[in-house]
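J.: return atomic coordinates for the entry below.
(2 chains, ligands or ions: 2)
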Amino acid sequence: MSGSYEYAIDVENLVKSYDGVKNAVDDVSFQIKPGEIYGLLGKNGAGKSTTIKTLTTLVPPTSGNVTICGMELRKKASQIRKLIGVVQQEEAFDFATVERNFRIYGMLWEVPADKIQSRSEDLMELFNLKEIRKKRAFELSGGQKKRLQVAREFIHDMQVLFLDEPTAGMDPIMRRSVLDFVMGKAKEGLTVLFTTQILEEADYVCDRIGIMDLGKKVAEGTSAQLKERFGSLKKLVLTATDRIPAESIPLVRAKLATVPSVTQYEVGDREITVIGKNMGKTVYSILSSLSSLSIDIDQVNLDAPSLDDVFLEVVKK
Amino acid sequence: MKLPAMVRLTVRNVLVNTDPGTMFFMLGIPAFYLLVLGTMFQGLIPSFTQHGVTTSYTTFLAPGIVGMQAFTAGNIGGGMLWADRRWGMFEQLLVGPFRRADYLLGIMLVSVFFSLAGSGIMMALAFLINGDFNITILGAIILMAVLVLGSIFFTSLFLIISVLVRTMNAYQTITFLLFFMLDFASTAFYPVTPSTPLVLRVISTFNPLSYIVDVVRDCMLYGVSYSAWVGTGIITLLTVIFFYLSLVLYNNVRTGL
Ligand SMILES: Nc1ncnc2c1ncn2[C@@H]1O[C@H](COP(=O)(O)OP(=O)(O)OP(=O)(O)O)[C@@H](O)[C@H]1O
Ligand SMILES: [Mg+2]
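T.: Ligands and ions are numbered 1, 2, ... in the order given. Presented below is the predicted three-dimensional model:
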C-alpha cells in the first residue's frame, strides 16, 4: 500500500544541533526510493543516530525539510509514526519475558491476536529465540537482546524501517540471516534506512550508501560506485620474512611518508599496509627502500580497495 | 476491537507490572500489615474510640491500608517513566503509534486502576478478617474520588522525581525514604493525638497521605462530615498543583514532535 510519493524518505538540508553551537547533523540531504535499502556509514559521533532520531520524530530538526512517505515531518509526526518501524541503537525492552515482549509490542501496534501469535512464533524461530522465550529480556546476552529487539519490530506492518546498528553484538551467522531477512522484506517493498560500523555488511545489504563525517554527508553512491570513484586507490600489503625491529619502524614510516602517491600507511611488526594511487609503479620503489633498511619481504599482495578502504579514505579528509 | 492508544498503553503498563515482585509490593505488603500487624496489635489494643465511635484496631487500620494503596499505585505508575527512560522503552514508545500525551495518560490510568483494584482487594480482605464498616452511598463515592485523586497526586509526584532524578541509586533512595516517611508518619497506623511525639505530629500534618487516609476513614467508619469535605478539597488542590508541575516537567523531558 505504498502511496503516491517518489521517495519514501526525502531529506533536504537537514540540520540538527542539540546545543545551538555545534551541529550534530550538518546540512545533510539524501533521498531514498520505496523498497530501497540505504546505508549510513560513519565514525562514532558522525551523526548517524541523530539523523535517525530526527527522521523518526524523536528529536525536532533545527532546520531543513524532511518528508517520510510523502508526509512532512513537522506537520504529520503522529501519522508518520504509524507507518514506520524503529530499532534504536540503545536497547529497549519491556520488563517481561521474550515472548511477552512480542505480545505486548503487537498489542501496542494493534496487531490482531492471531497474527501476533503466528508472527511471533515465526520470528522467534527465525531469530533463534525459541529456546530463550521464557527468559526475561534483561537476562539475555547482548547479542540475544539485539536479536529480540530487531525481531520484535517485525511484529507489525510498516512502510519504512529505521535500523540503527541492528547487528551490533550478533555472531556472523545470525548477522547474515538478519541481513537476508531485511533484504527479503525490501524486495516486498519495505524501505530501509540502516546504519552500521561493519562496512562489509553495508556492502552486502545496501543498495546505496551515504558516508557521514562530523555531521556532514561526505560521499554517496552504490558500493560499486564508491569503490570506482575512489578506485584508483589500491591496497598493498607487504609481509616481512622476519619481525621488523622496533627501531626500524619509524624509519619505514619516514620512507613511506616521502612517497607522493601514498595516502595512508600502517606499519605493524610483520605487516606493512600501504594505500595509495598507482601502487603498481610504486611497489618497486617501496620494496627497494625496505631492502635498504634490510627488511626482507616474503609476500606482496595488491588488492582492489574494500569498502573499508574507501571509508577510511573519505573520512580521513 | 480497536482500543484507543492510551488504553493500549494502560494495558501494557498493567502487563509489565504483574510480575511477582511488583505484586508483592502492591498487595503482599499491605495484606501483611493488615493480617499480621492488624491482628497482632488488636491483641494489645482491644478496642479503639475515635470521633465517638468504638472500633477494633483492625477496623481502624483497614482505611489506612486502603488509603495507602493510592500511594503505592502512584509510585508504580509514576515510576514507570523512570524505568522506561532507564530501559529505553520511553523513546521506543515515542517513535511508535502514540502521542506524547497518550504515554502520560497511560501512566495516569494504570495508577488509577491499581489504586482502585488494590484498595478494593484490601477492603475485601479487611472485611473478611474483622472489618466492621459503615459505608453510605455518598461515602462510597467520596472514597472512590479520593482514591482516584490520591493516585493521580502520587503519580504526579513520582513523575516529577522520575524526570529530575537519573541515577538508579538516587531514585531508589528517594523512593525508600518517601515510603518510610509518608507511610509511617501518617494517620494510617495510629491516630495522631496531642500525646503523639511532636516530630511525628508535624510530619503527619504536612503528609498528604494523612489527608487521604482521614477522608477514607471518615467514609468507611465515621461518616462523611465537614472534615471529610475539607480533606477532599485539600487533596484536590494538591492534585491539581502537582499534576500541573509534572506536566510541565514531562513536556521538557525531550522535545519530540
Ligand atoms: N542527546 C544529545 N545531547 C547532546 N549531544 C548529543 C546528543 N546525542 C548525540 N549528541 C552528539 O551529537 C553527535 C552525533 O552523535 P550521534 O549519536 O548521532 O553519532 P553516531 O554517528 O550515531 O555515532 P555512533 O557510531 O557512536 O553511534 C556527537 O557529537 C554526540 O556527542
Ligand atoms: Mg549511533
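
J.: just give me the neighbour total for whatever residue of chain A ends up closest to ligand 2.
T.: Closest contact between chain A and ligand 2, by CB to the ion, is at A:Ser49 (3.0 Å). No exception for glycine: its C-beta is placed from N, CA and C like everyone else's. Neighbour count of A:Ser49, defined by other CB atoms under 10 Å in any protein chain shown: 21.

J.: wait, it touches A:Thr195, no?
T.: Yes - using CB atoms under 8 Å, A:Ser49 is in contact with A:Thr195, at 7.2 Å.

J.: residues in contact with A:Met124?
T.: A:Val98, A:Glu99, A:Phe102, A:Lys130, A:Arg133, A:Ala151 (CB atoms under 8 Å, 6 or more residues apart in numbering or on different chains).

J.: which parts of the helix or strand where it lies are buried?
T.: Taking DSSP states H and E as the definition, A:Met124 sits inside helix A:113-126. Across helix A:113-126, burial judged by 16 or more other CB atoms under 10 Å in any protein chain shown covers A:Ile116, A:Arg119, A:Ser120, A:Leu123, A:Met124, A:Leu126.

J.: may I ask which helix or strand encompasses the residue of the stretch 51-200 of chain B found nearest ligand 2?
T.: Nearest residue of the stretch 51-200 of chain B to ligand 2, counting by CB to the ion: B:Glu91, 13.0 Å away. Assigned by DSSP H and E, B:Glu91 falls within helix B:89-94.

J.: can I get that helix in PDB, CA atoms only?
T.: What follows is helix B:89-94 as a C-alpha-only set of coordinates in PDB (Å, rounded to 0.1, in the frame of the first residue of the first chain):
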ATOM      1  CA  MET B  89      11.100   2.000  26.200                       C
ATOM      2  CA  PHE B  90      10.200   5.700  26.600                       C
ATOM      3  CA  GLU B  91      11.900   6.600  23.400                       C
ATOM      4  CA  GLN B  92      10.700   3.400  21.700                       C
ATOM      5  CA  LEU B  93       7.100   4.200  22.500                       C
ATOM      6  CA  LEU B  94       7.600   7.800  21.400                       C
END
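
J.: and the following helix or strand past that helix, what does it pack onto?
T.: From helix B:89-94 onward toward the C-terminus, using DSSP H and E, the following helix or strand is helix B:100-129. Contacts defined by 3 or more CB pairs under 8 Å, 6 or more residues apart in numbering or on different chains; DSSP states H and E place helix B:100-129 against helix B:5-16, helix B:29-32, helix B:38-44, helix B:57-86, helix B:89-94, helix B:137-164, helix B:226-251.

J.: recalculate using a threshold of 6 Å.
T.: helix B:5-16, helix B:57-86, helix B:137-164 (3 or more CB pairs under 6 Å, 6 or more residues apart in numbering or on different chains; DSSP states H and E).

J.: looking at the ones you listed, which is nearest to A:Pro245?
T.: helix B:57-86 (52.4 Å; CB to CB).

J.: what's the model's confidence in stretch B:70-83, averaged?
T.: Averaged over stretch B:70-83, pLDDT sits at 95.

J.: that one and chain A, are they touching?
T.: No - shown here: stretch B:70-83 not in contact with chain A (CB under 6 Å from any CB of the partner chain), separated by at least 7.0 Å.

J.: so what touches that stretch?
T.: B:17, B:26, B:107, B:110-111, B:114-115, B:147, B:150-151, B:154-155, B:158-159, B:162, B:171, B:209, B:212 (CB atoms under 6 Å, 6 or more residues apart in numbering or on different chains).

J.: dump it to CSV, restricted to CA.
T.: The C-alpha coordinates for stretch B:70-83 follow below in CSV (Å, rounded to 0.1, in the frame of the first residue of the first chain):
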residue,chain,number,x,y,z
ALA,B,70,-3.2,5.3,46.3
PHE,B,71,0.4,6.0,47.3
THR,B,72,1.6,2.6,46.2
ALA,B,73,-0.2,2.8,42.9
GLY,B,74,1.2,6.3,42.2
ASN,B,75,4.6,5.0,42.9
ILE,B,76,4.3,2.2,40.5
GLY,B,77,2.7,4.3,37.8
GLY,B,78,4.9,7.4,38.1
GLY,B,79,7.9,5.3,38.5
MET,B,80,7.3,3.8,35.1
LEU,B,81,8.6,7.0,33.4
TRP,B,82,11.8,6.5,35.3
ALA,B,83,12.0,2.8,34.3
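
J.: and the contacts of the following helix or strand past the helix holding A:Met124?
T.: Next along the chain after helix A:113-126, taking DSSP H and E as the criterion, comes helix A:142-153. With CB under 6 Å, 6+ apart as the test, helix A:142-153 has contacts from A:Gly85, A:Val87, A:Glu91, A:Val98, A:Asn101, A:Phe102, A:Tyr105, A:Leu123, A:Phe127, A:Pro166, A:Gly169, A:Met170.

J.: inside strands: which ones of those residues?
T.: Judged by DSSP state E, the contacts of helix A:142-153 include A:Gly85, A:Val87 as members of strands.

J.: among the contacts of helix A:142-153, which one has the lowest pLDDT?
T.: Within these, pLDDT is lowest for A:Gly169, at 88.

J.: can you give me the helices in the stretch 101-250 of chain A?
T.: A:113-126, A:142-153, A:172-187, A:199-205, A:223-229, A:249-258 (DSSP state H, counting those that start in this stretch).

J.: what sits in contact with each of A:Ser49 and A:Thr195?
T.: Joint contacts of A:Ser49 and A:Thr195 (CB under 6 Å, 6+ apart) are A:Asp164.

J.: quick one: low-confidence ranges for the stretch 151-300 of chain A?
T.: Across the stretch 151-300 of chain A, the ranges flagged by pLDDT under 70 are A:231-233.

J.: related to what we said a few turns ago, filter the contacts of helix A:142-153 to the buried ones?
T.: Buried among those by 16+ other CB under 10 Å: A:Gly85, A:Val87, A:Glu91, A:Val98, A:Asn101, A:Phe102, A:Tyr105, A:Leu123, A:Phe127, A:Pro166, A:Met170.

J.: so what's the last one closest to, chain neighbours aside?
T.: The shortest distance from A:Met170 to any residue other than its chain neighbours is 4.8 Å, reached at A:Gly143 (CB to CB, 6 or more residues apart in numbering or on different chains).

J.: let me have the buried residues of helix A:113-126 in CSV, extended by distance to A:Leu226.
T.: Converted to CSV, those look like this (distance: CB to CB, whole Å):
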residue, distance to A:Leu226
A:Ile116, 41
A:Arg119, 36
A:Ser120, 38
A:Leu123, 33
A:Met124, 37
A:Leu126, 31
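
J.: which bits of the stretch 51-200 of chain A sit near ligand 2?
T.: A:Gln89 (CB under 5 Å from the ion).

J.: what about the residue in the stretch 51-200 of chain A that ligand 1 sits nearest to, neighbour count?
T.: For the stretch 51-200 of chain A, the residue closest to ligand 1 is A:Gln89, as judged by CB to the nearest ligand atom, at 5.5 Å. A:Gln89 has 17 neighbours, counted by other CB under 10 Å.

J.: same question, B:Val213
T.: Neighbour tally, B:Val213, other CB under 10 Å: 28.

J.: next one: the one 3 residues further on
T.: Around B:Val216 sit 31 other residues, with neighbours defined as other CB under 10 Å.
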